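Chemist: prediction below, plus the sequence it came from.
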Amino acid sequence: MKRWLLPTLLLAVLIGAWQIAASTGAIAEALHIESFLVPSPAEIAESLWQSRSLLAENAWVTVREVLFGFGCALVAGLGFAVAMHLFETLRLAFQPLIVASQTIPIFVIAPILVVWLGFGIGPTLAIIALICFFPITVNTLDGLGSVDVEATKMMRTLDASRRQILWRVEVPAALPYAFSGAKIAVAVAVIGAVFGELAASGAGLGRLIFQDMAQLQTARAFAAVVVLSAIAIGFFGLIALAERRVVTWR
Amino acid sequence: MRQDTKMPTAEARDFATEGASPSGTGAIGAAISIRGLSHSYGDLQTIERLDLTVAAHGVLGLVGPSGCGKSTLLELIAGLQEPESGAIELGDARDPHGRLDRCAYMPQRDLLLPWLSAIDNAALALRNRGVRRAQARREAGSLFERFGLGGFESASPAELSGGMRQRVAFLRTLVAEKPVLALDEPFASLDAITRAEMQEWLAGALRADPRTVVLVTHDVEEALYLCDAVAVLSARPACVLEQLRAPSPRAANRNAAVTAQEFVTVRERAMRALREGASAT
């Protein structure tokens, strides 16, 4: 009860304050801008309803991008983590590279990706996969290494092969870590989608936001942001749900 | 946490008359022989020219000051490590691989896997050998009844009391059907009353299913009650200071056994050796 009540209450207070400040023109006045540039929550809600089919259409594009990009990163990240856990040479060779991959500024790499992969969904998927890969890989690798050495010794005297130790002990121990990584990844995946669409796509919520801002359609831009947040929260919730079903021992 | 059932006293005594080992293959055991064993950890000499023998089905206790290399010795015996010099034989096995085949190791903490039920934890060795899940559960399940864990087969480790967790951990070691068991302070984490109960329980279990056992413990009384012989080790580098025969190993009535005059005398001797060994460095 308290879990839901507190954030809902806070959200209601914030939206209420914004509504008052926007409808009285207080924000616009303080910023010295035209008042139509600062939409009130009521106007955003209205735009959300009126443009629902346009928003849904673009949201579907973004959802698909996030799903594919995140999926690629998940498969690659889990695979890399297991490989790096099993082979020290791989770990030593790849760890710095994986960290370095995170320092690549997406703004800079996005146009390059467009040149390489062409205009369309390709660059967006690559960007999402790139930023999702890191939290999944690093967390899973930590989880695989979190197993007590004593447990490994015990398993060896119980005739476990290396593969059995991996599947019966290390992988289950790593699951909560992998889920944490996936939750972080899916939240940033949405940001990746926006950047990708800005650089290389004619559709999607990110594209819509930039178009609307250029045309000073601020209410619809905010409506798109609301949908974008809802997508991120939805994905996060799905992963949290899966975690609860799978990791039953915590 | 569930309350520990008060089974040991009544049921433990029956084990001796039951006789047969869990799988019905009869008692299994191999003699241990350690000669001139030396080992070091980095620059630290942990074991120096150590000799020990244990007869098949014998139980040897190892007591010694903290950090004297008792746990290392167990790992060497179990084949988890190879000694720098000297020989360790378990039956006819000399190399680490052969020792690993013949010895099951029970670590200090129970280390039950939280994602497996009690019975699946106990059946790990069978599953590792490729036995199907249903068959492995059946085999481990027969032990649950006999060792006072009936009804807790599908409980998760978190639902078990400390004493019960240790019992499941011991069953896991037993189910491996290895001739030699290496037990590293199995009851160190338990409170005094549970520990006494568990000692009586283990005594019953070993009467029912004799194995060659090496038991590392801090507790001289525990060692003298559970073991046929107790080796008192010196501070690092470890060597055998004194080897004592226990007067009434694994007696059905623990309380009577540990308060007998003979037991008290041997315990005092062990304590004296332990103190001298600790202050020698």
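Modeler: Alright, I've got the coordinates.
Chemist: what residues of the top helix by length along chain A count as buried?
Modeler: For chain A, the helix with the greatest residue count under DSSP state H is helix A:52-86. Neighbour-count burial for helix A:52-86 flags A:55, A:58-59, A:61-63, A:65-66, A:69-70, A:72-74, A:77-78, A:80-82, A:84-85 (criterion: 16 or more other Cβ atoms under 10 Å in any protein chain shown). No exception for glycine: its C-beta is placed from N, CA and C like everyone else's.
Chemist: cool, stretch B:157-174 as well?
Modeler: Here stretch B:157-174 shows B:157, B:160-174 as buried, counting by 16+ other Cβ under 10 Å.
Chemist: same for the longest helix of chain A, what does it pack against?
Modeler: On a contact count with 3 or more Cβ pairs under 8 Å, 6 or more residues apart in numbering or on different chains; DSSP states H and E, helix A:52-86 meets helix A:88-101, helix A:121-144, helix A:171-200, helix A:205-214, helix A:218-246.
Chemist: which residues are contacting the first one?
Modeler: The contact list for helix A:88-101 (Cβ atoms under 8 Å, 6 or more residues apart in numbering or on different chains) reads A:80, A:83-85, A:130, A:133-134, A:137-138, A:141.
Chemist: off-centre distance for that helix?
Modeler: Chain-centre distance of helix A:88-101: 23 Å, with Cα atoms, centre = their mean, to the nearest Å.
Chemist: what sits against residue A:198?
Modeler: A:110, A:206-207, A:210.
Chemist: kindly export stretch B:133-147 (C-alpha atoms) in CSV.
Modeler: C-alpha atoms of stretch B:133-147 as CSV (Å, rounded to 0.1, in the frame of the first residue of the first chain):
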residue,chain,number,x,y,z
ARG,B,133,16.3,-36.4,-11.2
ALA,B,134,13.5,-38.8,-10.1
GLN,B,135,15.9,-41.6,-9.4
ALA,B,136,18.4,-39.3,-7.5
ARG,B,137,15.5,-38.0,-5.4
ARG,B,138,14.4,-41.6,-4.6
GLU,B,139,17.9,-42.6,-3.5
ALA,B,140,18.5,-39.5,-1.4
GLY,B,141,15.0,-39.6,0.0
SER,B,142,15.5,-43.0,1.6
LEU,B,143,18.3,-41.3,3.7
PHE,B,144,16.0,-38.4,4.7
GLU,B,145,13.7,-40.8,6.5
ARG,B,146,16.5,-42.7,8.2
PHE,B,147,18.4,-39.6,9.4
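Chemist: could I get the helices and strands packed on helix A:52-86 as JSON lines with mean pLDDT?
Modeler: Output for the helices and strands packed on helix A:52-86, formatted as JSON lines (pLDDT from 0 to 100):
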{"stretch": "helix A:88-101", "mean pLDDT": "90"}
{"stretch": "helix A:121-144", "mean pLDDT": "93"}
{"stretch": "helix A:171-200", "mean pLDDT": "92"}
{"stretch": "helix A:205-214", "mean pLDDT": "90"}
{"stretch": "helix A:218-246", "mean pLDDT": "94"}
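Chemist: do you know which of those lies nearest residue B:42?
Modeler: Across the helices and strands packed on helix A:52-86, residue B:42 has its closest neighbour in helix A:88-101 (20.2 Å, Cβ to Cβ).
Chemist: residues of chain A that sit close to chain B?
Modeler: A:148, A:150-151, A:153-161, A:164, A:168-169, A:172, A:248-250 (Cβ under 8 Å from any Cβ of the partner chain).
Chemist: Three-state assignment for residue 249, please.
Modeler: Let's take chain A. coil (DSSP: H, G, I helix; E, B strand; the rest coil).
Chemist: nope, chain B please
Modeler: Assignment for residue B:249 (three-state DSSP): coil.
Chemist: right, and it touches residue B:230 too?
Modeler: No: the criterion here is Cβ atoms under 8 Å, and residue B:249 misses it with residue B:230 at 9.9 Å.
Chemist: of these two, who's got more company?
Modeler: Between residue B:249 and residue B:230, counted using other Cβ atoms under 10 Å in any protein chain shown, residue B:230 has the larger neighbour count: 29 against 20.
Chemist: and that one, what does it touch?
Modeler: Residue B:230 makes contacts with B:60-63, B:220, B:223-224, B:243-244, B:246, B:270, as judged by Cβ under 8 Å, 6+ apart.
Chemist: would it count as being in a helix?
Modeler: No: assessed with three-state DSSP, residue B:230 is strand; it does not lie in a helix.
Chemist: filter the contacts of residue B:230 to the buried ones?
Modeler: The neighbour count (16+ other Cβ under 10 Å) marks B:60-63, B:220, B:223-224, B:244, B:246, B:270 as buried among these.
Chemist: among those residues, which one has the lowest pLDDT?
Modeler: When those are sorted by pLDDT, the bottom entry is residue B:246 at 82.
Chemist: give me the pLDDT value at the residue in the stretch 151-281 of chain B that chain A sits nearest to.
Modeler: Per Cβ to the nearest Cβ, residue B:176 is where the stretch 151-281 of chain B lies closest to chain A, at 5.2 Å. Looking at residue B:176, its pLDDT is 89.
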